[in-house]
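> Fold the following and give me the result.
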Amino acid sequence: MKILVPIKRAIDYNVKVRVKADNTDVDLTNVKMAMNPFCEIAVEEAIRLKEKGVATEIIVVSIGEKPVQEQIRTGLALGADRGIHIETGARLDSLQIAKLLQKVVEQESPDLVILGKQAIDSDNNQTGQMLAALTGMPQGTFASEVNVEDGKVKVTREIDGGLQTVELSLPAVVTTDLRLNEPRYASLPNIMKAKRKPIDVQNAADLGVNLDSNVTLVKVMPPEQRKGGVTVGSVEELVEKLKNEAKVIS
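Reported below is the predicted structural model:
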C-alpha cells in the first residue's frame, strides 16, 4: 500500500508573525520556517500505518521554491521513503495546489492520500476537498481516528454534534485534525539517513497546470491591539458600558 502525504512549508507556529510596512504581505525576512503542524500529523499517521504493516511506502510531496526541500527532508527523517518537490515560485491558491497534487496522484497512483486539514498561514481548509473532487476519490475530513482494513478506510471525523464515522473505498483522501495523533521528533540517525533518500524535483510548469491564480492578495494587516480593561464601580455602570460602549446588550 502506497501513501502520499502532501506537506507545506509555513512560518513556525512559535514565531510572532510580522506584517510588512506597506501591508502587501507577511514579512518573511529571517523568519524561522517549519512544516505546517497539521502536515506533521499527516506524516505521523502515515508512519504509524507503515509500522502496523498496512503501508509499504510513504511519499512526501511539497510545492514551492527550493527551500521547501528542508521540510521534505524533515518528512524523510521522520520515516517517509522518498520525496517529490514540485518547484515553482508562483503564488498559488488552493485550486492550483490541488491541481498540481492531482498530477502527482496520476503519476504515483497512491492507495491513500493523507494531508493536513488546513495550513496555519492561509487557513483555508480547501486543498484536501478539492483534490478529492478532482481525482474522484472519496474523502474523509477532520479525521480524529483512521483505520485501514480489507481495502477500506474507516475515518472517525469531528463534526459539530460529536463524532461521525465514515467508511471509504480505497483509494481515498483523508485530512487530519489535531486530535488524530501526537507527532514524533526525528532522531539524529534518521536525520542523517534522510540526506541519502531521493527527492524527485519536477518543474510545476511541465505538469500542464495553469498556474495563474484567481485570487488576488489585496492587503495584509495585523489584528487590532487589545485595549486594557477598566474597573467599574457598580453593576449599573457595567451595564451602561456594555450597552453604550461595547454595544453587546440592548
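> who's Thr175 bridged to?
According to DSSP bridges, Leu115 are recorded as the beta-bridge partners of Thr175.
> Tell me if I'm right that it and Ala143 touch.
Yes: Thr175 is in contact with Ala143 according to CB atoms under 8 Å; the separation is 6.5 Å. Quick note: C-beta positions are derived from backbone N, CA and C, even for glycine.
> give the contact list for Leu180.
By CB atoms under 8 Å, 6 or more residues apart in numbering, the contact list for Leu180 reads Ile41, Glu45, Ala143, Ser144, Glu145, Val146.
> By neighbour count, sort out the buried ones in those.
Applying 16 or more other CB atoms under 10 Å to the contacts of Leu180, the neighbour count classes Ile41, Glu45, Ala143, Ser144, Glu145, Val146 as buried.
> thought the second one was touching Val148?
Just to be clear, that refers to Glu45. No: here Glu45 lies out of contact with Val148, judged by CB under 8 Å, at a distance of 10.3 Å.
> and the gap between Leu217 and Leu211?
In this structure, Leu217 and Leu211 are 15 Å apart, going by CB to CB, to the nearest Å.
> out of those two, which sits in the busier spot?
For Leu217 versus Leu211, the count of surrounding residues by other CB atoms under 10 Å is larger for Leu211: 17 against 10.
> In three-state terms, label that one for me.
Secondary structure state of Leu211, per DSSP: H, G, I helix; E, B strand; the rest coil, is coil.
> what's the distance between it and Glu167?
36 Å.
> Dump stretch 167-174 to PDB, restricted to CA.
Provided in PDB are the C-alpha atoms of stretch 167-174 (Å, rounded to 0.1, in the frame of the first residue of the first chain):
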ATOM      1  CA  GLU A 167     -16.100   4.100   5.600                       C
ATOM      2  CA  LEU A 168     -14.300   4.800   2.300                       C
ATOM      3  CA  SER A 169     -13.200   2.600  -0.500                       C
ATOM      4  CA  LEU A 170      -9.600   2.900  -1.400                       C
ATOM      5  CA  PRO A 171      -8.000   4.900  -3.000                       C
ATOM      6  CA  ALA A 172      -9.200   7.800  -0.800                       C
ATOM      7  CA  VAL A 173      -8.300  11.200   0.600                       C
ATOM      8  CA  VAL A 174      -8.100  11.800   4.300                       C
END
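> returning to that earlier point: check the buried ones among the contacts of Leu180 against Ala246 and report the nearest one.
Ser144 (36.3 Å; CB to CB).
> that's a strand at that closest one, yeah?
Yes: Ser144: assigned to a strand according to three-state DSSP.
> what are the phi and psi values for the nearest residue to it once chain neighbours are set aside?
By the measure of CB to CB, 6 or more residues apart in numbering, the closest residue to Ser144 outside its immediate chain neighbours is Arg179, 4.6 Å from it. Comment: the main-chain dihedrals of Arg179 come out as phi -90, psi 10, following degrees, to the nearest 10.
> Just to check, Arg179 is in contact with Val146?
No: taking CB under 8 Å as the definition, Arg179 is not a contact partner of Val146, at 11.7 Å.
> count of neighbours near Leu95?
Leu95: 18 surrounding residues under other CB under 10 Å.
> What number of residues are in the vicinity of the nearest residue to it once chain neighbours are set aside?
If you skip the residues right next to it in sequence, Leu95 has Met130 as its closest partner in space, 6.0 Å away by CB to CB, 6+ apart. Burial measure for Met130: 21 neighbouring residues, criterion other CB under 10 Å.
> contact partners of the one helix or strand Met130 maps to?
Following DSSP states H and E, the helix or strand that holds Met130 is helix 127-135. If you take CB under 8 Å, 6+ apart as the criterion, helix 127-135 is touched by 6, 94-95, 97-99, 101-102, 105, 113, 115-117, 137-139, 141, 171-175.
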